[in-house]
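Chemist: A structural model of the following input is requested.
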Amino acid sequence: MPNIMEIGKNPNYLGSYDLYDLNTPEITVTIKKFAEEEVVTNGKAEKCAVLYFEEKYKPMIVNPTNKKTLAKLFHSKMSEKMVGKKITIHTKKIKAFGEIYDALRVKNILPTEKQIPLPKCEICGKDINAVGGMTALQTATYTKSKYGKQLCADCATAENQKLKGEADSENN
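Modeler: Modelled structure (predicted):
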């Protein structure tokens, strides 16, 4: 049975449904590169601006609204001036074609560490940091799904060892 959020959508590109899956209202990403790609949407192929990230998120199709926001944020229309910079992406309700939709938008303010608090470990209370190629938020989401709690790397390692020990004792 297919994921209903992917029906009629392009699962190769970031969409508002991805933020729902991550259970977060926004993500902060580092711009890796821009590309022009042919994208097929609703059976129609068109060339689109696509934004790639350093973090392990799908690329994002950049619409004119987001292009304008990026140009204002970085005081330039030149993509090379944006590479390596951080932006925040969130969903916003918009009216289009007589309906209300959730659209991905580049936030019109640059992120700072104070704006984006790190998730806390549910065992020791320390900040959860980026680990193993995952952002702090991805690490928190992964450990929550695997262990039932958001965990820092140290507590996740301890929890994993605990589970291995329990499995070994059951096998003996």
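Chemist: by mean pLDDT, flag the weakest helix or strand of this protein.
Modeler: When each helix and strand of the chain is scored by mean pLDDT, DSSP states H and E, helix 16-22 comes last, with a mean of 81.
Chemist: hey, C-alpha coordinates of the helix or strand following that helix in PDB?
Modeler: Once the chain leaves helix 16-22, the next helix or strand it forms, by DSSP states H and E, is strand 26-41. Output in PDB follows, covering the C-alpha atoms of strand 26-41 (Å, rounded to 0.1, in the frame of the first residue of the first chain):
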ATOM      1  CA  GLU A  26      11.100  23.500  10.600                       C
ATOM      2  CA  ILE A  27      14.600  22.300   9.600                       C
ATOM      3  CA  THR A  28      17.800  24.300   9.400                       C
ATOM      4  CA  VAL A  29      20.100  23.200   6.600                       C
ATOM      5  CA  THR A  30      23.300  24.200   4.900                       C
ATOM      6  CA  ILE A  31      23.200  25.100   1.200                       C
ATOM      7  CA  LYS A  32      25.400  22.700  -0.700                       C
ATOM      8  CA  LYS A  33      24.600  23.700  -4.300                       C
ATOM      9  CA  PHE A  34      21.900  24.800  -6.700                       C
ATOM     10  CA  ALA A  35      21.100  23.000  -9.900                       C
ATOM     11  CA  GLU A  36      18.700  23.200 -12.800                       C
ATOM     12  CA  GLU A  37      16.900  20.000 -13.300                       C
ATOM     13  CA  GLU A  38      14.100  18.600 -15.400                       C
ATOM     14  CA  VAL A  39      11.400  17.600 -12.900                       C
ATOM     15  CA  VAL A  40       8.200  15.700 -13.800                       C
ATOM     16  CA  THR A  41       5.200  16.800 -11.800                       C
END
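Chemist: sheet-wise, list the partners of strand 26-41 with their directions.
Modeler: strand 44-53 (antiparallel), strand 86-96 (antiparallel) (DSSP bridges).
Chemist: so how far is the last one off the chain centroid?
Modeler: For strand 86-96, the distance from its own C-alpha centre to the chain's C-alpha centre is 12 Å (C-alpha atoms, centre = their mean, to the nearest Å).
Chemist: distance of Ala49 from Met60?
Modeler: 9 Å (C-beta to C-beta, to the nearest Å). Where C-beta positions appear, they are placed from N, C-alpha and C, glycine not excepted.
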